[in-house]
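Chemist: next comes the sequence, and after it the predicted model I'd like to discuss.
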Amino acid sequence: MVGSPNIRSVFKSRGVLAWVAVAVVSLLPLGCGPAGPNLVPVRGKVTYGGGPWPKPGTITFTGGQRPASAEFDAEGNFTVMSFDKQKGLTAGKYKVAIECWDVPPSMDKPGAEKSFVPQKFRNPSTSGLEIVVEPGKPITDLKFEIPKK
């Protein structure tokens, strides 16, 4: 087409580039708010046969809007952290699994793994452990009892 500017000449114009930059930057905040999701603090204790654990382990929460996990110490104390390292869970129903390994699974030595936790409790679908997190209601005394093998 004779006489019409091509797209490159339009975008080379400083005014158009400035306008495009302002438009892009102004749309960025529409994704997530600065505070992120509404998380409810969750902490508690998981015991092993009524007492402490031989080693620290992991508790995982599946379901809800965001899965999360927590490391527990040898006394079983934990604070739940979402995947982006914020404390707490979003409101919802969660299934729970527990892991504590004497010898963790390894590709180098398949079959050599040894868990302190019975198989039933390592799978959230079979553990029977569940919690319901309600908006604005922190859970500060969650307790789970895992029997010794």
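Modeler: Nice, I can see it.
Chemist: ok, then the element right after the worst-scoring helix or strand of the chain on mean pLDDT?
Modeler: Sorted by mean pLDDT, DSSP states H and E, the helices and strands of the chain end with helix 14-27, the least confident at a mean of 38. Beyond helix 14-27 on the C-terminal side, the first helix or strand identified by DSSP states H and E is strand 42-48.
Chemist: what sits up against that next one?
Modeler: Outside strand 42-48, the residues that touch it by CB atoms under 8 Å, 6 or more residues apart in numbering are 53-54, 57, 59, 61, 70, 72, 75-80, 88-89, 98, 100, 116, 131, 133, 138-146, 148. (C-beta placed from N, C-alpha, C; glycine too.)
Chemist: how about that strand: buried residues?
Modeler: Using 16 or more other CB atoms under 10 Å as the test for burial, strand 42-48 gives 42, 43, 44, 46, 47, 48.
Chemist: so after that strand, what's the next helix or strand?
Modeler: strand 57-63.
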